[in-house]
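Asker: Quick one, fold the following:
(chains A and B)
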Amino acid sequence: MNIKEEHTGPVKSLNFIESIIEEDIRNNKNDSRVHTRFPPEPNGYLHIGHAKSICLNFGLGKKYNGLTNLRFDDTNPTKEEEEYVNSIMEDVRWLGFDWEDRLFYASDYFDQLYEWAEKLILDGNAYVDDQTAEEISQQRGTPTRPGKESPFRDRDPQANLELFRRMKNGDFPDGSRVLRAKIDMASPNMHMRDPVMYRIMHTPHDRTGDKWCIYPMYDYAHGQSDYIEGITHSICTLEFEIHRPLYDWFLDKIIDTEYRPRQIEFARLNLSYTVMSKRKLLELVKEKLVSGWDDPRMPTVSGLRRRGFTPESIRNFADRIGVAKRDNVIDVALLEHSVREDLNKKAMRVMGVIDPLKVVITNYPEGEEEALEAINNPEDESAGKRMIPFSREIYIERDDFMEDPPRKFFRLAPEREVRLRYAYIIKCEEVIKDADGNITELRCTYDKDTRSGGPAAGRKVKGTIHWVSAEHALPAEIRIYDRLFLKENPDEVEEGKDFKSNLNPDSLEVRKGYVEPGLADADPASRYQFERRGYFCVDSRDSKPGALVFNRTVPLRDSWSRMQGK
RNA sequence: UGUCCGAUGGUGUAACUGGCAACACGUCUGAUUUUGGUUCAGAAGAGUCCAGGUUCGAGCCCUGGUCGGACAACCA
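Answerer: Residues are numbered from 1 along each chain as shown, chains lettered A, B, ... in the order given. Purely as a prediction, here's the structure:
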């Protein structure tokens, strides 16, 4: 049998990282092992961009029967907090990935890193520089002009070692000295101009406490951490591309085995109309422009989770956007599509009225009620059926009625008929308004024979609308998050303008609505479709018994409003 | 007057050792539908940044440009 025909559908082509990995495997590099890692700095919450990296790294590990580590890059104690460590672990797990027993911290390697630093000093590959940060910075030159060598550059190794040990012992104040790699101050690559390896910081570290007052820089720590963990493919974003020569330089000076981790860079995710910088997200949180890192408007994993996204939908999204090296801006519509696709299969269809308008069915007997059968999910027969109460007074959605309907409006209007889903066909007989002319109530009549399953159930009307029985319905707060958190695409905003002036003022709308009574004990993990109005989930943080709060995950694809928008 | 990287429909990603530019999202049409959802059928939309070259044949190879991005924290 032909191998290609064993699988249905087209053979999926490899992305460029997979091609590199497969070539390495063919060449038996690192014994053909594949071992990746996800290395966040615990200085913020994970966002959808990190999700791309997580799916990539863990996905590659799985695809090539390899392993994937979780490693916290905690080399800067002034910026990192335990709260972030915990949220990151929670988010990675929620996304559906497992690092098993391979949870590491760069700080686990401080001793080894220090030892290697002494080796570099003794080999004449590193020196202690007594200059200030400003002096060093001035000597670094510019991308087009070479730098100048430090006056301390040729100090002899023993003296350097002595000084470095004293740095470690706390003999010097912050900023007074650094350890630098001795490479090439004239290198066209700025990162090779004697980069700083260690700086003095008399700051306790979350994990090592007061043990250290010197801390390694990213460039010195990262490759060596990869090496220690046996990482084969160290995948990072494009801005580290220019660091790669340095990554390799340290490894070459320190390690004398065949085995080498290999750094591969890919383009980070950009989403249209979405703030994606940790710094800016932190600013929104600190200035309380959002309710927290998990505000449903935030593109954070926790925000998306609270908003009702599923891990599957995010994984599918990550799969669809692919991996490449060119800068990209993914349309948020693709993210929304990924959620809808998943939720369409899973979400229970329920009645939920967001902006209620009362309807009295004048010919329905007062005080009478009946239970009507409703289908839980037409996409999934196993989801079953349920009964919902119907009575003389109901609520419908305000915009399901128009006094002056435009052409092609299929729903309720004066003298027009519409079907109440799972119930009867009703006809609008009278519109009641208050003194200001606002519509407060509709008077309708119903056609008894058109009840679902009844003798005239087959009678066709143009529209079907949703409703809840006024007497039975549960009041609920419904939060509508606009699809756009920003008014304009970030790169279209004027240079120098504060990004916060670009926030969409309509990004959150809070409504008092009603949902059907069965939702009283709704589970935050369950997803619902309020038919024709979108996907919703119970807000896990703000809902209390008897006071339901729903977040709208995403609206339905809606050709009527698209038509209106034109 | 630097180094590194990139350039394929509106968006993203493909095209194996050169062989009719494919897939997804989006857009539009039509059918079905007790959700203007879903599903189904279909359409439009690029000739691959430019100029040369090699070749029977170039998105892929070569040369030279153009445009865009990254790099001058004791951040990661």
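Asker: Now do the strands in the stretch 1-150 of chain A.
Answerer: Assignment of strands within the stretch 1-150 of chain A using DSSP state E, counting those that start in this stretch yields the ranges A:35-38, A:67-72, A:103-105, A:126-129.
Asker: in its sheet, what does the last one sit against?
Answerer: The pairing partners recorded for strand A:126-129 under DSSP bridges are strand A:178-181 (antiparallel).
Asker: Briefly note if the strand it pairs with comes near RNA strand B.
Answerer: Yes: Strand A:178-181 is in contact with RNA strand B by C-beta under 7 Å from any atom of the strand, via A:Val178. Every residue, glycine included, has its C-beta placed from N, CA and C.
Asker: and that strand, how far from the chain's centre?
Answerer: 37 Å (C-alpha atoms, centre = their mean, to the nearest Å).
Asker: Name the residues that touch that strand?
Answerer: Residues outside strand A:178-181 that contact it (C-beta atoms under 8 Å, 6 or more residues apart in numbering) are A:117, A:120-121, A:125-129, A:136, A:150, A:164, A:167, A:194-200, A:214, A:220, A:246, A:249-250.
Asker: can you list the weak-confidence ranges in the stretch 1-150 of chain A?
Answerer: Along the stretch 1-150 of chain A, segments meeting pLDDT under 70 span A:1-11.
Asker: Around RNA strand B, pick out the residues from it.
Answerer: Residues of the stretch 1-150 of chain A found near RNA strand B (C-beta under 7 Å from any atom of the strand) are A:10, A:13-16, A:39, A:41, A:73, A:75-76, A:79, A:131-133, A:136-137, A:140-144.
Asker: which among those residues end up buried?
Answerer: A:Pro39, A:Glu41, A:Asp73, A:Thr75, A:Asn76, A:Gln131, A:Ile136, A:Arg140, A:Gly141 (16 or more other C-beta atoms under 10 Å).
Asker: returning to what we had before: let's see which of the residues of the stretch 1-150 of chain A next to RNA strand B end up in helices.
Answerer: Mapping these onto helices (DSSP state H) picks out A:Phe16, A:Ala133, A:Ile136, A:Ser137.
Asker: Could you export these as JSON lines, including distance to A:Glu488?
Answerer: Listed next are those as JSON lines, based on distance: C-beta to C-beta, whole Å:
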{"residue": "A:Phe16", "distance to A:Glu488": "32"}
{"residue": "A:Ala133", "distance to A:Glu488": "37"}
{"residue": "A:Ile136", "distance to A:Glu488": "40"}
{"residue": "A:Ser137", "distance to A:Glu488": "35"}
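Asker: how about the residues you listed, which pair is most distant?
Answerer: Using C-beta to C-beta, the two most remote members of these are A:Phe16 and A:Ala133, lying 38.2 Å apart.
Asker: Contact residues of the stretch 451-566 of chain A facing RNA strand B?
Answerer: Going by C-beta under 7 Å from any atom of the strand, the residues of the stretch 451-566 of chain A near RNA strand B are A:451-453, A:457, A:460, A:463-465, A:529, A:531-532, A:556-560, A:562-563, A:566.
Asker: And A:Asn376, how far from RNA strand B?
Answerer: Distance of A:Asn376 to RNA strand B, computed by C-beta to the nearest atom of the strand, to the nearest Å: 10 Å.
Asker: which non-adjacent residue is nearest that residue?
Answerer: Among residues not flanking A:Asn376 along the chain, A:Ala383 sits closest, at 3.9 Å (C-beta to C-beta, 6 or more residues apart in numbering).
Asker: Tell me where the model's unsure across chain A.
Answerer: A:1-11, A:494-496, A:566.
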